Every structure is written in C-alpha cells, then in structure tokens.
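S.K.: no FASTA, just this:
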C-alpha cells in the first residue's frame, strides 16, 4: 500500500461523508429497482431501447438510455457502502407528467424511502443532525429526504408540516420551471421572484427548521430568499466552472447538438453571497467529462467561497452523463485520492466530504 493509499483509507475512516443530491427515488418508485440491492446497468453502447420506447416527456436533451435507466446503477446501498457514505440526500422531484396529482406522487416517493429504511436494517432515515455521527460510529447508512421543487405540496403550504413529520429536512422552492411559489431558473427570459405564497413558504421552512436549498431558483428569487431567510442555506448541486454565464448553450454529450444550458446559479457574486450567509455549495459530478474536471470545480469553489462552504452534490443521472472515473457514487474514494494528490490538507478534504454539511445540519435542524 502506498502512502497515498494509506492516507485515503485513514481519511475515509475519519470522514463523515454526505452527498447532497440524488434522484434515485424515481426509479425505485417506478418499480425498476430496490434501493437495498446492487443494480448493474448495461453500458449505453451495448443497449438498445425496447421497440416503441419513447420515455417520459423529455426537456433536458436526455438520450434513450438515460430516459430508461436514470440514476440506476449509480446509487444503491451497496454502492453507498463502497463509497464510505454516511448520508445520502434523496430528492422528491416531479416531472411535468406528474403534476396532475403532485401530493400523491410526493407521498409515493416518501413511502419508498421509508420502505427502504424498514427493509434494510443498517439504513436509517435521518431527521436530526445527531443521528449522523452515530451512524458513522455504528458503520450504518442514512438518508435525508429533500424536495427538488415544492410541487409535492400541491400548492398548500400546510402540507409542509406533514412532510416534515415524514422526514423532510431540505427543500428548494422550484426546479427550472415556474410554479405557484416562484420562478425557476429556466421559467422565462424575464424571471420573476417569489410569490406571496413563496415568501410564506420560506418563513414556514425557517420555523420548521427545514434547510432552504437555492438550487434551480431564478436570480430574482435567489436574492429574495437570502433577504428573507433567518438561517443559513445550501445550494445542493451546482458547478462554478462548466458553463460560462455568457454561453447560451451547452453541447449535449448525448446528441452532439445545442441544448438549453443548465440554469444553475454559478456566478461568483451569488456563490460569495451563499458563503456570506454561512451556507454550503454542493459540487456536481453530472456532465463533467472526467474526474479531473470535477476536481477543477472543487478547487474553483475553494478559491471563491473558501474551505468552510463546499460540499459534495453529485447529482448523477445516467451513465451517458457521468464523468470518467466517477461513474457512480461508489467512486468517492477516487475523488478523495485526487484531492490528496493535489496537495489538499486533511482538514479541507474532511470539510468537503461532509463536515461542512454536518455543521450546517447541526446549526439549522
């Protein structure tokens, strides 16, 4: 074993590792997998879609493989164990075709997470920050329930109390579209901010100690939330380097054609504002070319916001979109190794792997 191997192993023995975003509850709810079982997905080049397959409505430029499998083969309990993970944030997200019965669908996803906890003895639902060091000490795994957009409330903020009782601890108001609470980041060329109901929702989230996630919110809403919130925030999955704000498109690695660029807040002013708020920025893996590109993201964020405000927000969704070397969550040790090789201190690495998220959870929850 080399000195670097030894250091990586020792870091993972110490580290509380928290990943800030996954959509894995979607294929679980579709009956395609169980969270407790390791899933192997065929490589995109070895797979042909079923005859007549179209997949769900697709506004993200995804290929057929990604539409069919989504994040399967990238997140499951066996892979969490290989990663050394302590806690995985599992999101409730509603595609457009699920908006007709949003509360029912949100509860279905919530049930799936509770069911996974009931059927896997070393897996727990995390509802308080104190659970996390205990899970680490016992060698167990945990999940944190989040909203990626509050559509699952069905427009009634009273239901936030119910979701909170069911374990909800993190929530963003929007995904990219407009909803009853605010404009998402891709809602319109001239984005609006929060509606009166959206402002009430932020206050209620603060009252319930639900951590506010700024991901996918439009710029006007971004600044309004930072003015309204009485607690630190997170931006659970973003990238400060991949797409320049001046670039109107991103070349899809799937189709080789221009697609609307991902509208995640990544400019320096907003990242600095999150740090000033005391918050944490989760760095994504999806769409990066390789592990070195992810490391570049981490190092850029270190320069902009400093070591106390960075975390991991992998957001893997399909093998076609995964970086080489970080194809699934089990590859966290490879990322740790890269950070060691780049000369980062143990303190910085431990904060990135989960220490900063844990500090925020302790403060807000």
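M.R.: Received, thanks. Since we're looking at a predicted model, the values are computed, not measured.
S.K.: CA only for contacts and neighbour counts going forward, please
M.R.: OK.
S.K.: Contacts only, for residue 105.
M.R.: Neighbouring residues of residue 105 by CA atoms under 8 Å, 6 or more residues apart in numbering: 94, 98, 152.
S.K.: roughly how far out does the helix or strand it falls within sit from the chain middle?
M.R.: Using DSSP states H and E, residue 105 falls within helix 102-119. Mean C-alpha position of helix 102-119 versus that of the full chain (CA atoms, centre = their mean, to the nearest Å) differs by 18 Å.
S.K.: before we move on, what about stretch 35-51?
M.R.: 22 Å.
S.K.: Okay, helices next: where are they in the chain?
M.R.: Per DSSP state H, the chain carries helices over the ranges 3-14, 25-29, 64-69, 77-83, 102-119, 131-138, 159-165, 196-208, 219-228, 268-277, 291-305, 332-341, 346-350, 356-364.
S.K.: would you turn the ones you listed into JSON lines with distance to residue 38 and mean pLDDT?
M.R.: Formatted as JSON lines, the helices of the chain follow (distance: least, CA to CA, whole Å; pLDDT from 0 to 100):
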{"stretch": "helix 3-14", "distance to residue 38": "22", "mean pLDDT": "96"}
{"stretch": "helix 25-29", "distance to residue 38": "12", "mean pLDDT": "97"}
{"stretch": "helix 64-69", "distance to residue 38": "14", "mean pLDDT": "93"}
{"stretch": "helix 77-83", "distance to residue 38": "6", "mean pLDDT": "98"}
{"stretch": "helix 102-119", "distance to residue 38": "13", "mean pLDDT": "98"}
{"stretch": "helix 131-138", "distance to residue 38": "21", "mean pLDDT": "98"}
{"stretch": "helix 159-165", "distance to residue 38": "28", "mean pLDDT": "98"}
{"stretch": "helix 196-208", "distance to residue 38": "35", "mean pLDDT": "98"}
{"stretch": "helix 219-228", "distance to residue 38": "38", "mean pLDDT": "95"}
{"stretch": "helix 268-277", "distance to residue 38": "36", "mean pLDDT": "94"}
{"stretch": "helix 291-305", "distance to residue 38": "23", "mean pLDDT": "94"}
{"stretch": "helix 332-341", "distance to residue 38": "17", "mean pLDDT": "98"}
{"stretch": "helix 346-350", "distance to residue 38": "27", "mean pLDDT": "98"}
{"stretch": "helix 356-364", "distance to residue 38": "26", "mean pLDDT": "98"}
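S.K.: Switch these over to TSV; also include distance to residue 42.
M.R.: TSV is the format used below for the helices of the chain (distance: least, CA to CA, whole Å):
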stretch	distance to residue 42
helix 3-14	30
helix 25-29	16
helix 64-69	9
helix 77-83	17
helix 102-119	24
helix 131-138	32
helix 159-165	35
helix 196-208	41
helix 219-228	39
helix 268-277	37
helix 291-305	21
helix 332-341	21
helix 346-350	33
helix 356-364	33
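S.K.: just so I know, which of the ones you listed lies nearest residue 43?
M.R.: The minimum distance between residue 43 and these falls on helix 64-69, with 8.7 Å, by CA to CA.
S.K.: Thank you kindly, that will do.
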